[in-house]
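Visitor: Need coordinates for the below:
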Amino acid sequence: MVPENVAQAANFFQPGGRLHGCPKIVAANPSRTRILGNFRFDYEASAVDCYGKYPGWDRHLSKPNMEIECDPQA
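Guide: Next up, the predicted model:
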């Protein structure tokens with residue numbers, strides 16, 4: 001639920017991983033908040049190269065979250 005003090009919101013989520021996102025966000029007050037979209041990304045089949053951009057421990061502990069940040073399409 002996106003609070004009504006937010007003008008616009010976009011949801012970038014992944015279905016897998018230890019921490020995965022919610023597949024859909026909704027506005028608490030649709031007349032005040034515009035949902036730009038719910039965008040699903042899945043890196044199980046095609047990984048994104050983030051080598052050198054994050055510490056080694058991050059590449060192992062939160063790889064799916066890191067990949068969405070490195071994805072030029074996200």
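Visitor: residue furthest from the geometric center of this protein?
Guide: Ser31 (24.2 Å; Cα atoms, centre = their mean).
Visitor: Sticking with the residue nearest the centre of the chain, tell me its helix or strand.
Guide: Centroid check for the chain by Cα atoms, centre = their mean gives Phe12 as the closest residue, at 3.2 Å. In the assignment (DSSP states H and E), Phe12 maps to strand 8-13.
Visitor: What segments of this structure are strands?
Guide: Per DSSP state E, the chain carries strands over the ranges 8-13, 34-40.
Visitor: So which elements touch the strand holding Phe12?
Guide: On a contact count with 3 or more Cβ pairs under 8 Å, 6 or more residues apart in numbering; DSSP states H and E, strand 8-13 meets strand 34-40. All C-beta spots, glycine's among them, are computed from the backbone N, C-alpha and C.
Visitor: Between strand 8-13 and the strand it packs on, find me the angle.
Guide: 10 degrees (axes from the mean of the first three to the mean of the last three Cα atoms, to 10 degrees).
Visitor: List the strands paired with strand 34-40, with their directions.
Guide: Sheet pairing of strand 34-40 (DSSP bridges) gives strand 8-13 (parallel).
Visitor: Torsion angles phi and psi at the residue nearest to Pro3 when sequence neighbours are not counted?
Guide: With sequence-adjacent residues excluded and distances taken as Cβ to Cβ, 6 or more residues apart in numbering, Pro3 is closest to Ala28, at 5.5 Å. Here is the backbone geometry of Ala28 (degrees, to the nearest 10): phi -60, psi -40.
Visitor: distance of Ala28 from Phe39?
Guide: 20 Å (Cβ to Cβ, to the nearest Å).
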